[in-house]
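Participant: fold the following for me, if possible:
(2 chains)
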Amino acid sequence: MVKRPVPNEFIIERDEKKCIACQACVRACSYDVHTYDPETDTVESDDSKCVGCHFCEALCPTKALRTVRNPSAYKENANWTAEVINDIVKQAEQGGVILTGMGCDKGQRNYFDHMVLNASQVTNPSIDALREPMELRTYIGTKPDCIEIDYNENGPVLKTKIPPQLELQTPILFSAMSYGSISLNASIALARASAEIGTFWNTGEGGLHKALYKYGKNTIAQVASGRFGVHAEYLKSAAAIEIKIGQGAKPGIGGHLPGEKVSAEISETRMIPEGTDALSPAPHHDIYSIEDLRQLIYALKEATEYEKPVGVKIAAVHNVAPIASGIVRAGADFVAIDGLRGGTGASPKIIRDNVGIPIELATAVVDQRLREEGIRHKASLIVGGGFRNGADVTKAIILGADAVYIATAALVAMGCTLCQKCYQGKCNWGIATQDPYLTKRLNPDIGARRLVNMLRGWSFEIKEMMGGMGINAIESLRGNRENLRGIGLMEGELKMLGIKPAGEAW
Amino acid sequence: MVGKRNLEDNFKKVADRDYRVPSGCAVMGVMSQKRKKFTGRAVMKAIGVMRERTNGLGGGYAAYGIYPRYADHYAFHLLYDDEKAKEATEEHLEKNFTIDKYEAIPTREVEAIKSRPLLWRYFLEPKGMDGSSKDDFVLKAAMHVNRNIKGAYVISSGKNMGIFKGVGYPEDIGRFFKLESYRGYLWTAHGRFPTNSVSWWGGAHPFGLLDWSVVHNGEISSYGINRRFLLNFGYHCTLSTDTEVIAYLFDFLVRKQGLAIEVAAGVLAAQFWDEIGRLPEEQRKLYLALRMAYGGALLNGPFSVIVGCESGMIGLNDRIKLRPLVAARGDKMLYISSEEAGIREICPSPDQVWMPEAGVPVIRRFESGGENG
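Facilitator: Here you go, the predicted structure:
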C-alpha cells in the first residue's frame, strides 16, 4: 500500500540570485528545514518540515527567502477541506489526539467585528484625548456594599475597610502563560513590562521561577488542578491569586506541558521530575462543586492573610452566567473568563476548535446576570480570549468587563507569528521553548520594551475612542452598552449582547 | 383649504416618551436660606430671560413649601392621558394610601398651550406598609404607576412640594399652572430645547422622586452604565431620560447609602485620580474608596444640574465644565442659573456672583426656623 504523505503546508522560495549561502537560515531553523551542501556550496530547504514561522526570513541578510503557501491542492470541497483530510491521514497513521497550539482559528463569528462604537456630535462635545485628562485607572477586587463615613469636625473620614484591590493603570493584564509553556526570558519580559506600565502578568500553572520573585507586586499567581509549584512562599510573593478551573482553548480538560519542555529548571520550579509530561487533572480533585470552590478560595485567603484578591478563572461555556454568579457568591474577588478564541501552549485541536463560546457573549451575559442579581460590585470581571487591539478591549469593557486579559497579542509583540507549534517546544522566536540555544534569541529587555510599546499604543487608542464618545473616565464606559451597536447580527444575538442594531437611536 | 396643522399631522411624531433624545436647556434655581416664601413670579421671570436656550417643547418648575396645610402628606402630582388611566391609578392609590385630599391641579387657558393632559394632585398617607420605610413604600408606589399603568405618570411625590411641567415655553407653562398664586421658599425652573418633534408632558423637567427634584442641562454620556449601576441596587429606570438617573443616583447615594450631599456630589462629579492623589491622607483614602465603590455612578459628559430637596439646593457641573452654570448670593438668598442674566433679572445687585468650578458643587442648606414650612 502506498504510504500517503501529508502535503507540506508551506514552500520556501529561495532566490538563488540573492542567496549567498551564508547558512544563517541553517543555524536559525530549529525544525532543520535548511541544510548546507558543501560540495555545491548551496543551501537547500526541506519544505515538508517548515512550520511557517518566518524566523529564517527575518534573519536572512540578503532577503533571499520567502515562505509561501503550498499551492498543491485537493479537489475543492467545502466540507472536506485539506485540514480535515490531512488530520484523518495523520490519525490513520498514528491513532491519537491531534495537538495544536494558540487559539481557535476556525473563524466562528467574531462579534467584535460586528459591533461599532459611538461618537459625539453636536448635542454633546467630544473630549480631546490629546489635551484633556483621560482616565483608564482600574481597580480589580471586591467593592464594599456601602461606604461608611464618620463625619467629624475635621471633615469626613472613611470607616469602611476596603477589601484588597489590584490597581491597574490601563485595563489590560497579561493572561496566564506558564513558565514551561513559555521561556524564562518571555516571562521576564512580561513581568518587566507589567511593572513599567502598572499592570499585572500571570504565572499560569507553572509556579514561579526564582528569578521572577522580585516582580511579585505585579504578579498574579495561579493555582491550577496540577498544583505545580504551589507553596506558601509562591502564594505570598504575588499580588493576587487566581484559581484556574478552565481555559478557553481547552474547556473541560487540564493543562498540558509535554515532557520535551520540562527542563531542569522547569522541573525545579514545578516540583516534578525532569522530562515528564505535566498533565493537570481535568477537574481539581478537591473541587467537585461550588461549595468546594468556596473552601479553596478561603483556604488561599487564609494562607495569604486576606491581604490579596483571590479570583477564579473559568472557560466561557454555555452556562457561564450562573456559574459566574456562583463563583461570586463563593467569595471570589474577581472572575476571569476565557473565551473560545483563547490561546494555549498545547491543546487537543478537536477541543480547542469545538468547545466553549465566544468571549463577547460570555462577557455580556455574565455582567447582566450579576447586575440583575445585585452582586456585580462584589467581584471584578476580567475577560480574555483573542483580543487583538484597542477596539476589542474597548468593546469588551463596554459590554461590562472591568479589564481584559491578553496573551496572544503579547506573544505577537515579542515575535510570535502564530504558527501553532508551541507544543513542540522548538519555537524559533525563543518564546514557547526551553532550548537554551533558542531562548537566548529573546532578549527580555527588548521584549519588555515591545510589550510596553504595544500597551501604550492600545491605551492611547482607547483614550481617543473614549474622548470621541464624550467620556473621560473608563468607569463611565464600563457596561455602558448605549455606546455599542451591532451590525449584521440576529435579534437573539443582539439580545444576548444587550445592544441595539446599528441605526437605532437611544 | 389644507391648514398648517393638517400638514403637520402627516409627519412622524418622535416623542420623548419612547426615545431618549438629547436636549439643550436653561436651568434656574432660587432659594431662601431662611425659608422666606415668595411666589413663582420671580423664577418665571428669570427663566423667561433665557428663552433663547429653549424651543417651546418643554418647561417646568419645582416648588418647595407650597403645601403647608398638608406638609406631612406625600403630595402626588399626576398626569393622565385619559379617564381610564385616572381610574386605574386612583384604584391603586386607594389600596395603598389614605387619600386625605385630591383635586384637579388649577390651571388657566393659555393661548400657546393647545393640548393638555388631565392633571390631578393627591395628598397621601401610606397604609399597610410591607415593613419597608415610608419613603421606600412611596417610591415603589410611584414606580408602579409609571411602569404598569398605561397613560398615567407621577410627576412628583414629595412632601410639601410639587412639580409643574408641560410642553411649551416655561413662561407659558408657569402662567398655565397659575404659579404666581403659590408661595414657596425654593423654586427651580427649566426650559427645554430637545432634538425631537413632539414632546410628552412627562418628559419635561423637573424630574421628581420623593423630595428630590432635578433640572438638568446636558447629555449624560455615562447614561448606559448609570442606569445599569442602579439596576444592581434595585432601581428600574422606566423613562428614557438622563434626568431620571440623576434623581435616582441622588436618592441612592444620599437616602439609601447615607452619604452627605457634599460627598455624594464628589461621587457624581468625581475628582480626577491625579487630584485625589494630591489630597491629604484621610481625604485621599475616602475619595479613592468612593470612586472604587461607586464608579458606575460617575456622571460623565456635559451637564449642569440644579437639585432641590428637603434640606436645600445643590448646583453641580460636570468635572470639566462643559455646560454653563452661574451662582449668586445676597440677602440669604441663593441663585443658580445657566446665565447670569437670569439672576440679574430678579436680583440686580447680588453680594457675590461666581462661576462654580468644574465638579465643585454649590450647596446651601436651609437655616433652622424661619417661616413655618
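Participant: going forward, measure contacts between C-alpha atoms and count neighbours the same way
Facilitator: Fine.
Participant: so for the spatially most central residue of chain A, what's the nearest residue that isn't a sequence neighbour?
Facilitator: Nearest residue to the geometric centre of chain A (Cα atoms, centre = their mean): A:A407, 3.1 Å. Nearest non-adjacent residue to A:A407, counting by Cα to Cα, 6 or more residues apart in numbering or on different chains: A:S175, 5.2 Å away.
Participant: chain A contacts on the stretch 101-250 of chain B?
Facilitator: For the stretch 101-250 of chain B, the contact set with chain A under Cα under 8 Å from any Cα of the partner chain comprises B:218-219, B:221-226, B:228-229, B:231-234.
Participant: now, these that are in helices?
Facilitator: Judged by DSSP state H, helices contain the following of those: B:Y223, B:G224, B:I225, B:N226, B:R228, B:F229, B:L231.
Participant: so which of those comes closest to A:A448?
Facilitator: Distance to A:A448, by Cα to Cα, is smallest for B:I225 among these, at 34.8 Å.
Participant: neighbours around the closest one, how many?
Facilitator: B:I225 is flanked by 27 other residues according to other Cα atoms under 10 Å in any protein chain shown.
Participant: cool, the one 10 residues further on as well?
Facilitator: The tally of other residues near B:Y235 (other Cα under 10 Å) stands at 18.
Participant: next one: A:I446
Facilitator: 12.
Participant: doesn't it belong to a strand?
Facilitator: No - using DSSP: H, G, I helix; E, B strand; the rest coil, the assignment for A:I446 is helix, not a strand.
Participant: ok, it - contacts?
Facilitator: A:I446 sits next to A:A189 when contact means Cα atoms under 8 Å, 6 or more residues apart in numbering or on different chains.
Participant: quick one: it from chain B, how far?
Facilitator: 30 Å (Cα to the nearest Cα, to the nearest Å).
Participant: sec struct for the closest residue in space to B:G359 that isn't next to it in sequence, please.
Facilitator: Nearest residue to B:G359, sequence neighbours excluded (Cα to Cα, 6+ apart): B:R319, at 4.1 Å. Secondary structure, three-state DSSP: B:R319 is coil.
Participant: point me to the helix or strand that includes B:K101.
Facilitator: strand B:97-104 (DSSP states H and E).
Participant: would you check that A:A232 makes contact with A:E302?
Facilitator: No - using Cα atoms under 8 Å, A:A232 is not in contact with A:E302, being 11.0 Å away.
Participant: low-confidence ranges, chain A, go.
Facilitator: Judged against pLDDT under 70, chain A has no low-scoring part.
Participant: now do the stretch 251-373 of chain B
Facilitator: B:369-373.
Participant: who in it is up against chain A?
Facilitator: Of all the residues in the stretch 251-373 of chain B, those lying near chain A are B:257-259, B:272-273, B:282-283, B:285-286, B:289-290, B:292-293, B:295-296, B:298-302, B:322, going by Cα under 8 Å from any Cα.
Participant: now, of those residues, which are buried?
Facilitator: B:258-259, B:272-273, B:283, B:285-286, B:289-290, B:292-293, B:295-296, B:298-302, B:322 (16 or more other Cα atoms under 10 Å in any protein chain shown).
Participant: where does A:T417 land in three-state SS?
Facilitator: Going by three-state DSSP: A:T417 is coil.
Participant: apologies, that question was intended for A:S325.
Facilitator: Going by three-state DSSP: A:S325 is helix.
Participant: my guess is it meets A:L370, correct?
Facilitator: Yes - using Cα under 8 Å, A:S325 is in contact with A:L370, at 6.2 Å.
Participant: show me which residues of the stretch 51-200 of chain A are close to chain B?
Facilitator: A:123-125, A:135, A:139, A:143-149, A:156-158, A:162.
Participant: and stretch B:355-372, how far from the chain's centre?
Facilitator: 16 Å (Cα atoms, centre = their mean, to the nearest Å).
Participant: need the residues that contact that stretch.
Facilitator: B:32-37, B:68, B:262, B:265-266, B:269-271, B:311-321, B:325-327, B:334.
Participant: quick one, strands of the stretch 151-300 of chain B?
Facilitator: B:152-156, B:161-166, B:183-184, B:186-194, B:207-209, B:212-218 (DSSP state E, counting those that start in this stretch).
Participant: may I see those organised as JSON lines, with mean neighbour count, mean pLDDT and distance to B:A112 added?
Facilitator: Compiled in JSON lines, the strands of the stretch 151-300 of chain B are given as follows (neighbours: other Cα atoms under 10 Å in any protein chain shown; pLDDT from 0 to 100; distance: least, Cα to Cα, whole Å):
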{"stretch": "strand B:152-156", "mean neighbour count": "26", "mean pLDDT": "94", "distance to B:A112": "22"}
{"stretch": "strand B:161-166", "mean neighbour count": "28", "mean pLDDT": "96", "distance to B:A112": "12"}
{"stretch": "strand B:183-184", "mean neighbour count": "22", "mean pLDDT": "97", "distance to B:A112": "25"}
{"stretch": "strand B:186-194", "mean neighbour count": "30", "mean pLDDT": "90", "distance to B:A112": "15"}
{"stretch": "strand B:207-209", "mean neighbour count": "27", "mean pLDDT": "91", "distance to B:A112": "23"}
{"stretch": "strand B:212-218", "mean neighbour count": "29", "mean pLDDT": "92", "distance to B:A112": "23"}
